[in-house]
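Asks: Here you go, sequence then predicted model.
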Amino acid sequence: MEPFRYERADDVGGALATIAHAPGAKFLGGGTNLVDLMRLGVERPAVLVDVSRLPYDRIDAGEGGSLHIGAGVRNSDLAADLRVRTRYPMLAQAVLSGASGQLRNLATTGGNLLQRTRCPYFQDVTKPCNKREPGTGCPAREGEHRNLAVLGHSEHCVATHPSDLAVALAALDAVVHVVGPGGGRTIPLVELHRLPGDEPERDTVLEPDELIVAVDVPALGFAERSLYRKVRERASFSFALVSVAAALDVADGKVRDARIAFGGVAHKPWRAFAAEESLRGASADERSFAKAADAELKQAQPLRDNGYKVPLARNALVRALLELA
Amino acid sequence: MAELAAVTLTINGEPYSLELDTRTSLLDLLREELGLTGAKKGCDHGQCGACTVLLDGRRANACLLLAVALDGAEVVTIEGLAQNWSLHPLQAAFVEHDAFQCGYCTPGQICSAVGMLDELERGWPSYVTRDVSSQPRLDGDEIRERMSGNICRCGAYPNIVAAVEDVA
Amino acid sequence: MSVVSRAIGASVDRIEGADKVQGRAQYAYEHALEGIAYAAILTSTIAKGAIRAIDAEPARALPGVLAVLTHENAETLHIDNGELAVLQSPRVSYRGQIVGAVIAESYEAARHAERLVRFDYDADAHDVVLRADHPGLYAPEKVNPGFPTDSDEGDVDRALADADVTLDEWYTTPAEHNNAMEPHATVALWDAGGLTLYDSTQGAYRAAQPIAEAFGLDPKRVRVLSEHVGGGFGSKGTPRPHVVLAAMAAKLVERPVKMAVTRQQMFTLTGYRTPTIQRIRLGADREGTLSAIAHEVFEQTSQVAEFAEQTAVVTRMLYASPNRRTSHRLVKLDVPTPSWMRAPGECPGMFALESALDELARELEIDPIELRIRNEPELDPESGNRFSTRNLVACLREGAQRFGWSPGGRRDGRFLYGMGVASSTYPARRAPSTAHARREDDGTFTVRIAAADIGTGARTVLTQIAADTLEVPLESVRVEIGDSDFGPAMLAGGSMGTSSWGTAVVRACRELAAGKDEATVDTADSADADEPLSKHAFGAQFVEVRVDSETGEIRLPRVLGVFACGRIINPKTARSQLIGGMTMGLGMALHEETVVDPHIGGFVNHDLAMYHVPVNADIEQIDAVWLDEEDLHVNPMGAKGIGEIGIVGTAAAVANAVFDATGVRIRDLPLRPDRLLGRL
């Protein structure tokens, strides 16, 4: 690692000020992704601003059953919160499916959303990578991409976003609260992460001097009937091949509403709007579920070796909906 | 050229006031500076769990923790687990059940198990908890899932589970 | 003349157990020495070519950096071994090869400086892909550890042509990495006496020899100390290049140096199992009696050293067939040199052979166990020798009963269940070793031998063996291992450790029991006047799989191994060892694969997040049991080795179970969901 100055932020103003004035400064939350990447030489901040002790470590109830989750809330605490487990089981399961118990105790909500891709070329500074160094190429396209994107990729980048939490939040229409030098703003989570396009180096729409401070999860009654399914070849402690976050509202055998998002398939958590649209008003049976899955996945563009993700995503979604129906 | 920062923390009940290279991980602080080599470096990237210690009572990977970020923290390592000159029940159970072979992952396994049993007792669910809103039960599936952050290449898993079940 | 057992056969807790669970057992890197410096290893980023220029100034200028070591300032070594001839030329022979080291006052400074040394390369086109039709394939003079490369009995082609039923299939296994939990590490210290190395090795004595050679030293002036080793599985069987590098670094800065290979670097510097491409042809009659077996193997080695894994050798002795042919072909690629990984030869070879047997059984609609029983040889098919003991059939039958063997597949909702079986075998050998035994003034006994306990429990079983030979309580005996000064000894490998060391310990202790106060025995002196016998351990692996038909995910609800591996010295540690081997076999079956990128010229995945070894949740119900067997032809304890047999056959049992469950035969490891999905 290269030397860096360490500062603990006493308040958000101080944190923002440091970031604004120190080139190459980064926020430090739990460190489980950033320290990892620093040791790999992928991230090389000159200054670390520790925001883990700012007062963003609470989960507060909002109107109508919504939740206001501080960005500093640790993954473990988020998953253990009884309100989360009861009102949004998919959210608890998503968090619990990620990493290991030890890592979940350290990782923060904000940091989890900003974790970077696990693409092996990105992670290795001795290999070319457009995300790390624009213009050097994407060796994954011709090389090893079995666990990379089938949706929304570009010729410059086929990386996937590894967060499970983000997938559930995407399904739940979460809203991210951000503060920066110019003030605060909100960003729907589905718009937080980008598709790679021509700028694969940019994972999110955040400016480098913006700090996530909270995530709102709106009330959604039928989210009590929701789940998160993570498909992986190892039974635990492993990134998804494909994952599904799903919530289903069924009455009289018909789907009134649905929320669906996929993980492991794209540069961002993939909210399945087309599948949801297909489901609304349809009968709650396997045929409709399959039709909805196909409606969403028909836009998939598999690479040479990851085509299996399409039937995998399809089957995982259908099974999830069958379990919820 | 190294940047330094001050930090005060407690390790196994002993207070330490230090000025450290900001890059120093808690793991390297323990192993290289303080002679507490019980926590092991297996991967240095949070991928194996051999470095697991207890941080403010919760299990954590020491390799990804920057020591300078731990001001005021209480760290317990494997060296701090023994009680009054005798082995912690988990340590004794590990020996009894042959829950280790080469022993390199063992301190991490034991610290992780201590943290894990506490999490279970507090009612934290896991990914395999059938109804995530309910109280999880202590069973083999739960223990296996919860201990999956500690890799054992020697394959002592079933004995580790037996040792943990014994103590739980 | 066997050893009477009291401690032998008892489930003794590991002698070093209390130390290990308290974090008091010291591993190589943990030895703190006065004035120690830290070294980081520099590795190449091209697969083939030469270093044109090195700019080490930014690294040297960093405060705390003591030196940068490259081929430009490295001392000349006196060794031919390609991998150990570290920094002797600007040539690069594989991606990730050692090209230098940075030595600094602190770990952080060393790791920082690592990134500041710039290498400019002239890169040549590289070739890193093993193919069965590679033009560079050749027949090595022999395959490890000294077997003929090819064998040809009878007339295989004729027998295949005449057979009622034939099978002709190709099987592949990928590169696999040992990935012991303790990264390879060395602390090197030069002083007036010579060179001392605190190392993590499977054989302290054997590690010292090539190091001494490299530095032109009398071997007596190299001391290797290795009290505790955090796993090896073959990768610590010989000293790896970093050991030489650490010694060079210590000499350069005139201070003790500690050096650990990073987990990432382990993937290129500490050996791996070669990928294999194997063709199996079988010919049989309608009753399943084999008339022909042909096993062709294609493997790789590096440009710097030859390593020929003996993948088809097992086929020479396992099943009866009058016509048998085996061959090994190697190709030199621009890759690191493969090395031993648990059960070299038998492990990948049996994946192919035991899968093929299963396919034949299915074809003939004969139970897979019955098929193996029908082809059980009376004598070793290759040598014609008697087997010292062979109880494969008993293992298969016992296992079938205990496991509730009932193949046929069943469905429960979306889950498909199936069972698979495979034979398992590993040679039971013994090698010379030297042991010292001494009666102490206080009535206790000290035994010294340069053995290694890499998790096997060797320290404990040797204590049991010594105690019984001396006819004293366990507590009266202290066994010291892991010191090259204790004289020549077999390394912990080839499942020969306990067999080799135990024999020496027995002989030394017998001299004490006969009245002497001190004895040194070198078993190389004694010729084994045995009739020629074929000595192997055998076993049977049973696996039940649960396949999610919608995702291709494979889980293992039940795994059982039944073994006949001679007398079990310590049931507690033996069971752990066998289960450990099987667990590694399950990883081989389902997860493990080091992927090569032909364009980049090296491995793509090189850490524990992307190279998946089994985690706790992967192992549900697993057990290992054994039959009562004693084989005094192998050693006076009647024991065979057990360290490796667990992994042999396991992967085939899983693949066979997957077929039973799904009707899909996968012949390429690992059995990944994407290999199943399109075919379910």
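Replies: Now that the structure is in, tell me what you want to look at. Numbering: from 1, shown residues only, chains lettered A, B, ... in the order given.
Asks: So which residues of the stretch 151-300 of chain A form strands?
Replies: Here the stretch 151-300 of chain A has its strands, by DSSP state E, counting those that start in this stretch, at A:175-180, A:183-188, A:211-217, A:226-231, A:242-251, A:254-263, A:270-271.
Asks: Pipe those strands into CSV and attach distance to A:A295, mean pLDDT and mean neighbour count per row.
Replies: Yep, even glycine has a C-beta here, placed from its N, CA and C like the rest. Below are the strands of the stretch 151-300 of chain A laid out as CSV (distance: least, C-beta to C-beta, whole Å; pLDDT from 0 to 100; neighbours: other C-beta atoms under 10 Å in any protein chain shown):
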stretch, distance to A:A295, mean pLDDT, mean neighbour count
strand A:175-180, 26, 98, 20
strand A:183-188, 22, 97, 12
strand A:211-217, 26, 98, 24
strand A:226-231, 19, 98, 25
strand A:242-251, 15, 98, 26
strand A:254-263, 11, 98, 24
strand A:270-271, 13, 98, 30
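Asks: my guess is C:A564 meets C:A394, correct?
Replies: Yes. With contact defined as C-beta atoms under 8 Å, C:A564 reaches C:A394; the gap is 6.4 Å.
Asks: where do the contact lists of these two overlap?
Replies: Each of C:L627 lies in contact with both C:A564 and C:A394 under the rule C-beta atoms under 8 Å, 6 or more residues apart in numbering or on different chains.
Asks: Counting neighbours, go ahead and name the busier of those two.
Replies: A side-by-side neighbour count of C:A564 and C:A394, using other C-beta atoms under 10 Å in any protein chain shown, places C:A564 first with 26 against 16.
Asks: picking up where we left off before, out of the strands of the stretch 151-300 of chain A, nearest to B:N84?
Replies: strand A:226-231 (43.2 Å; C-beta to C-beta).
Asks: Packing partners of the closest one?
Replies: helix A:89-97, helix A:165-171, strand A:242-251, helix A:309-324 (3 or more C-beta pairs under 8 Å, 6 or more residues apart in numbering or on different chains; DSSP states H and E).
Asks: Which residues outside that strand are in contact with it?
Replies: Outside strand A:226-231, the residues within contact range by C-beta under 8 Å, 6+ apart are A:88-91, A:93-94, A:97, A:164, A:167-168, A:171, A:240-248, A:259, A:263-264, A:312, A:316, A:319-320, A:323-324, B:127, C:551, C:553, C:673.
Asks: quick check, distance from that strand to the centre of its chain.
Replies: Mean-position distance between strand A:226-231 and its chain equals 14 Å (C-alpha atoms, centre = their mean, to the nearest Å).
Asks: and the residue in chain A positioned nearest to chain B, what does it touch?
Replies: Nearest residue of chain A to chain B (C-beta to the nearest C-beta) works out as A:S100 at 2.4 Å. With contact set as C-beta under 8 Å, 6+ apart, A:S100 has these partners: A:S236, A:F237, B:G46, B:G49, B:S148, B:G149, B:N150.
Asks: Check B:E145 too.
Replies: Residues in contact with B:E145 (C-beta under 8 Å, 6+ apart) are A:A235, A:S236, B:S126, B:Y127, B:V128, C:N616, C:A617.
Asks: Equivalent analysis for C:A246, please.
Replies: Per C-beta under 8 Å, 6+ apart, neighbours of C:A246: C:A39, C:T186, C:V187, C:A188, C:L197, C:V257, C:K258, C:M259.
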